[in-house]
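In: predicted model and sequence below, questions to follow.
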Amino acid sequence: EPGVEAWEATNLHTVASAIVAAARRREETRGSHWREDFPERADGTWRGHLVTRLVGNALTTSYEPLEGNDS
């Protein structure tokens, strides 16, 4: 029977997976998120939010531009 520790571990794994999914999708360097293959910031391309949702047992990540963004 699952206990609190099992739920906490599952939640931590889910959040870590969401962070990794968003980091892999963003093709730029920003703050402490540094990518060797994309060493520069790309403000015009990434002016918005990466939104990760848990749908069933799968994480989905989408990009939502800021309103009024002309990029």
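Out: It's in.

In: for residue 18, which non-adjacent residue is closest in space?
Out: residue 52 (4.2 Å; CB to CB, 6 or more residues apart in numbering). Bear in mind the C-beta positions are built from the backbone N, C-alpha and C, glycine included.

In: buried residues in the helix or strand hosting that neighbour?
Out: If you go by DSSP states H and E, residue 52 is part of strand 48-55. Within strand 48-55, the residues that count as buried by 16 or more other CB atoms under 10 Å are residue 52.

In: i'd like the first residue to be 403 from this point on
Out: OK, 403 is where the count begins now, so the last one is strand 450-457.

In: ok, back up a step: ok, now how distant is the residue nearest to residue 420 from residue 429?
Out: As judged by CB to CB, to the nearest Å, residue 454 and residue 429 stand 16 Å apart.

In: ok, residue 435 next?
Out: 11 Å.

In: got it, and residue 456?
Out: 23 Å.

In: distance between the strand holding residue 454 and the chain's centre?
Out: In terms of CA atoms, centre = their mean, to the nearest Å, the centre of strand 450-457 is set 7 Å apart from its chain centre.

In: that one packs against which elements?
Out: Other elements packing on strand 450-457 under the criterion 3 or more CB pairs under 8 Å, 6 or more residues apart in numbering; DSSP states H and E are helix 406-427, strand 460-467.

In: and the angle from it to helix 406-427?
Out: 140 degrees (axes from the mean of the first three to the mean of the last three CA atoms, to 10 degrees).

In: what's next to strand 450-457, contact-wise?
Out: With contact meaning CB atoms under 8 Å, 6 or more residues apart in numbering, strand 450-457 is reached by 416, 420, 423-424, 427-428, 461-468, 471.
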